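Colleague: Fold the following, please.
(chains A and B)
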Amino acid sequence: MESSNSGPVHERTAAKKFGFSNDLLTTFKYLKTYKKFQKVLSGIYDLTGPFKYEAELFPVLTHEPEDDGNIIFVATKYDSRKLGKYGAFVLFKTLLWNDTNFTWYRPEPSLNETLLRTLKTQSKIFDKDWKIYTNDEDLRINANFNINLGKVISSYLSNDNLYQLGVSILKSRRKTNEREQLLSELSKARTSIQNILDLYANETSSILGHKTSDIEGVILRIKTPDGDIFEAKGTSQSFREQKDFIWEDRTNIINFEIDFEFQIIKEVLLLRTQQPAALNSAIKVAAENFISSQQSLELKRKEFISLLLPSLLEKEVDFDSTKFRLSSILNGFEEEYNEFLAIFKQNKIHLDINSIRKTKEYYSAFKTKFDKLKNLLHSSLNGSDFYFRIFDAILGFRIDKIIDFDYFEDPEEQQRPKVIIWNRKSTTLA
Amino acid sequence: MTFQDTESGGISSLVEKLQAKQPSNYVLETSNITDQDLDVLFPEHYGIYPDKNDKSYLGKILYVIGLMNLVETSYVPKFLLGSTRLAALKKYGKQSIWTDKLETDEIIQIASNKKNEFGDLDVDLVFKVNKKQIADAIEKIDPVTYAAKVSNEINVAIRIGNKVVQIDLVDVKDNENSTEFLQKSSFLDLANNIKGLFSILLLRATISHMKIEPQEALETILEFAENNPNSIFAKELMNKQQDGFTPFKVRFSLANEGLKLILDLKKLNIKGKTIEDKINIDLDPRADFKNLDKLAQVILQDLNTSSADIFHAIRLSQFLRKNRPDIIPQVWETFKDLAYKRAQSGLTEEEFRIGLNEIGKILGVNQTHSNILNEGKQSIGRFSGVNEFNNITLFELLKSIVKTTQSQGKETINLNLSEPSSNIDLIEKVDRFIFVFWNR
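Modeller: Purely as a prediction, here's the structure:
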């Protein structure tokens, strides 16, 4: 399995890669050993070979319904009885494995639909425990509306040649009347469609909720013959408001954690950047050039960080003063953390039980990271050993996303395809 | 992180030079400029180039270098750069010094009370010769009292009794308006303990996240260069590419000429470090410092804004919070980065911390839910920002709707999505985790 941010996760790596989220880890463990579910997947595998399903997950098994039977996921109320005893998936799309060029590919629309329908149909043997929904069949909203293209756009879209002309006009930097006119009409069309989608988002109640449950939003999907899907989204006002309220404390601690890491990176590790993109890019370059001469995992990691470090430093680091640099900033952060925690304790009386639990997980995750650094500070480690451990504690998760040190040691891993999943998001028009 | 040591400033070598000219038992000390010093430092009259009767320290310097024809005497210093504006206001009064409409008497009073010492004073001048000649001339006026050296500006050390203070002479030739603006210091910000340069850092951060129109996106710009190889831009780009640079980003930038669209390029040097460069895409600025209201309107993409919205960090933060919450996360990250860089050369630790805290509070980051993350836990990150279709993608989307519904030539398309369709539908958006499960 994998989440949108984890990379491939297997039994051996689950605790490490899904460890940040009880929802993900518990779901993984449950489905891994849930025989009925595994049996259905094996049956599909026998027909198609390697496959992937992209889906939204509702991990009921880590959530308690409120008194009214609702469970809040993100900021939307869903009816727990519609989700299965332990959870549910809403399936979006599928991918199949091409054995010739060793890549995943999107099957053409009818095969995609068949694959989605197959899993849904087969799920009847376990649907009390785990529901399978599909966007195609279950989340459709009845709608009837007009899209006004106007004369200009309509004309450009009347045949392929005029369409290509329109594209070249849009790409050109020359200010011409045609271009201004087309841009103006596109702007009108954009606003008009967005208003329609937002209106449906505001006025539709959730299919997976009670009749009065507001929904997060709607997606207009246009499927092209090559298997691609255009998606335009509308978002409901109530979702925006609920999300702000429910996620306030989690956002606080995440921002705080980012600031904390920023300080460690800049003031303790003395790296030239704390920007995620720059860090990831440096790690990627190092990963491409990394050949390990070490056997143990710990030494491999240290070897990798040694290779990576020069590209992230502006000047040579005095490793011996790392402890001093760390100790000088930890206390301040501990005080601030306690202040945020106190705010959360005040706010939680207004939150639902699941949001409280999940928010606590975020706070606990930070505290674990913080305590790890504190323990290292009081350990006998010194010099570069100490520096490398702090580096790993703060940036190790980025490294693990890009390079898998375990991979080389496990013959079974080497049989698995390397995969990168790009989840296409629906897009707001304006 | 190393913060600026305000005690030593940038004139320690000059202090040593002055010390060498003093009696052996007379020890000099570097000092900030106090309110009391302003009276003896600033020229006696505002708006008039000092003459031989001006007995002030600065008046004497200006008189001499003017007399020697080293600076343009038809240009009279306005003292509007940085916190020098507040110092000048204390000396000459509100009637003489330009103030923004938001800088009320009350705000000025608060700012004045909060800032009664100045690290240095910046004097705006128009140089007629190179800086070295001017520095040499200043040292000859009275070597026991004046010493000078050349950096980006001319740093002058002036001995007042046994203390030494710093004055910087800044050449504003051709860039008077931009230098004034780019080195401004807002009393509104000062009254709230926010150091003057934060306003320009926040403005630069905002500019770097201004919306780029699809017709000016990177691929379109490169396509333009390819199709117009004889254009100035294409030639410059080709030169850079031959030098190993790769273009990677189009963004807006505020420099002396004004607001321009630029192309960022980068390359790895032999040590493996990334070197960045840039090329102007705009030959002429889209707005400049001569009309600050227009500059504000172009930057903030709002015709109802005025210069005040970009002059004060507080005001700009309020504008962003109210009108552009979608870009606040990105602006905040860039702003922190810029502030951090300046923290290593021009800010004390306290100024850095207070500036970030105060602006962060107004922007709503760190403390409230309105701070949406770029990266972090994925489940939050997915809320971030508003992804917009660019015009070409929108055009493509509309084409696919027309094609799917076979509505070629129709000005209005009816989408009746009540009946199941395999090609087009409207669905409820659910958002938990995007999750992929797979089998091989």
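Colleague: does residue A:396 count as helix, strand or coil?
Modeller: helix (DSSP: H, G, I helix; E, B strand; the rest coil).
Colleague: right, and it touches residue A:301 too?
Modeller: Yes - between residue A:396 and residue A:301 a contact is recorded at 7.5 Å, counting by Cβ atoms under 8 Å. All C-beta spots, glycine's among them, are computed from the backbone N, C-alpha and C.
Colleague: Just give the nearest non-adjacent residue to residue B:417, would you?
Modeller: residue A:143 (4.3 Å; Cβ to Cβ, 6 or more residues apart in numbering or on different chains).
Colleague: and that neighbour, what pLDDT?
Modeller: Note on residue A:143: pLDDT of 90.
Colleague: Relative to chain A, how far out is the closest residue to residue B:127 other than its chain neighbours?
Modeller: Excluding its sequence neighbours, the residue lying closest to residue B:127 (Cβ to Cβ, 6+ apart) is residue B:171, at 4.3 Å. From residue B:171 across to chain A, the span is 31 Å (Cβ to the nearest Cβ, to the nearest Å).
Colleague: What's the local residue count around residue B:171?
Modeller: A total of 20 residues lie near residue B:171 under the criterion other Cβ atoms under 10 Å in any protein chain shown.
Colleague: ok, now residue A:316?
Modeller: 8.
Colleague: Assumed it was part of a helix.
Modeller: No - counting by three-state DSSP, residue A:316 is not found in a helix; it is coil.
Colleague: was I right about the residue nearest to residue B:417 contacting residue B:414?
Modeller: No - applying Cβ under 8 Å, one finds residue A:143 not in contact with residue B:414, separated by 11.0 Å.
Colleague: Name the residue in these two with the higher neighbour count.
Modeller: residue A:143 (19 against 11).
Colleague: who's in contact with the more buried one?
Modeller: By Cβ atoms under 8 Å, 6 or more residues apart in numbering or on different chains, the residues touching residue A:143 are A:200, B:415, B:417-418, B:426.
Colleague: Let's see which of the residues you listed end up in strands.
Modeller: B:415, B:426 (DSSP state E).
Colleague: so where's the stretch 301-430 of chain A shaky on pLDDT?
Modeller: A:406-430 (pLDDT under 70).
Colleague: which residue ranges form the helices in it?
Modeller: Taking DSSP state H, counting those that start in this stretch as the criterion, the stretch 301-430 of chain A carries its helices at A:322-347, A:353-377, A:383-402, A:411-414.
Colleague: what does the stretch 251-400 of chain B give?
Modeller: So, for the stretch 251-400 of chain B - with DSSP H, counting those that start in this stretch - the helices run B:292-300, B:307-311, B:313-323, B:328-343, B:349-363, B:378-381, B:391-404.
Colleague: Where do the domain boundaries of the chain fall?
Modeller: Chain wasn't specified; assuming chain A. A:14-138, A:150-238, A:247-417 (automatic domain parsing).
Colleague: that's the other chain; I wanted chain B
Modeller: According to automatic domain parsing, the domains of chain B span B:12-188, B:201-363.
Colleague: The helix or strand where residue A:15 lies - contacts with which helices or strands?
Modeller: Taking DSSP states H and E as the definition, residue A:15 sits inside helix A:14-17. Counting contacts by 3 or more Cβ pairs under 8 Å, 6 or more residues apart in numbering or on different chains; DSSP states H and E, helix A:14-17 packs against helix A:22-33.
Colleague: ok so, going back, may I have the phi/psi pair for the residue nearest to residue B:417?
Modeller: phi -150, psi 150 (degrees, to the nearest 10).
Colleague: most surrounded residue in the contacts of residue A:143?
Modeller: In the contacts of residue A:143, the most neighbours by other Cβ under 10 Å go to residue B:426, 26 neighbours.
Colleague: residues contacting that residue?
Modeller: A:140-141, A:143, A:200, A:218-221, B:417.
Colleague: Try it again at 7 Å.
Modeller: A:141, A:143, A:200, A:218, A:220, B:417 (Cβ atoms under 7 Å, 6 or more residues apart in numbering or on different chains).
Colleague: same check, this time on residue A:308
Modeller: Taking Cβ under 7 Å, 6+ apart as the test, what residue A:308 contacts is A:282-283, A:286.
Colleague: For burial, what's the neighbour tally of the closest residue to chain A within the stretch 51-200 of chain B?
Modeller: The minimum distance from the stretch 51-200 of chain B to chain A, using Cβ to the nearest Cβ, falls at residue B:198 (17.4 Å). Per other Cβ under 10 Å, the neighbour tally for residue B:198 reads 29.
Colleague: Can you name the next helix or strand after the strand or helix carrying residue A:146?
Modeller: Secondary structure assigned from DSSP H and E places residue A:146 in strand A:144-148. Next along the chain after strand A:144-148, taking DSSP H and E as the criterion, comes helix A:150-156.
Colleague: That next one packs against which elements?
Modeller: Here helix A:150-156 touches helix A:160-171, helix A:177-203, going by 3 or more Cβ pairs under 7 Å, 6 or more residues apart in numbering or on different chains; DSSP states H and E.
Colleague: If we use 8 Å, what do you get?
Modeller: Using 3+ Cβ pairs under 8 Å, 6+ apart, helix A:150-156 sits against helix A:160-171, helix A:177-203, helix B:391-404.
Colleague: which of these sits most buried?
Modeller: helix B:391-404 (a mean of 20; mean count of other Cβ atoms under 10 Å in any protein chain shown).
Colleague: coming back round to it: quick check: the gap between the residue nearest to residue B:417 and residue B:419.
Modeller: To residue B:419, residue A:143 is 11 Å away according to Cβ to Cβ, to the nearest Å.
Colleague: Averaged pLDDT, stretch B:400-420. What do you get?
Modeller: Per-residue scores along stretch B:400-420 average to 88.
Colleague: Check stretch A:82-102 too.
Modeller: For stretch A:82-102, the per-residue pLDDT averages 84.
Colleague: Many thanks, have a good one.
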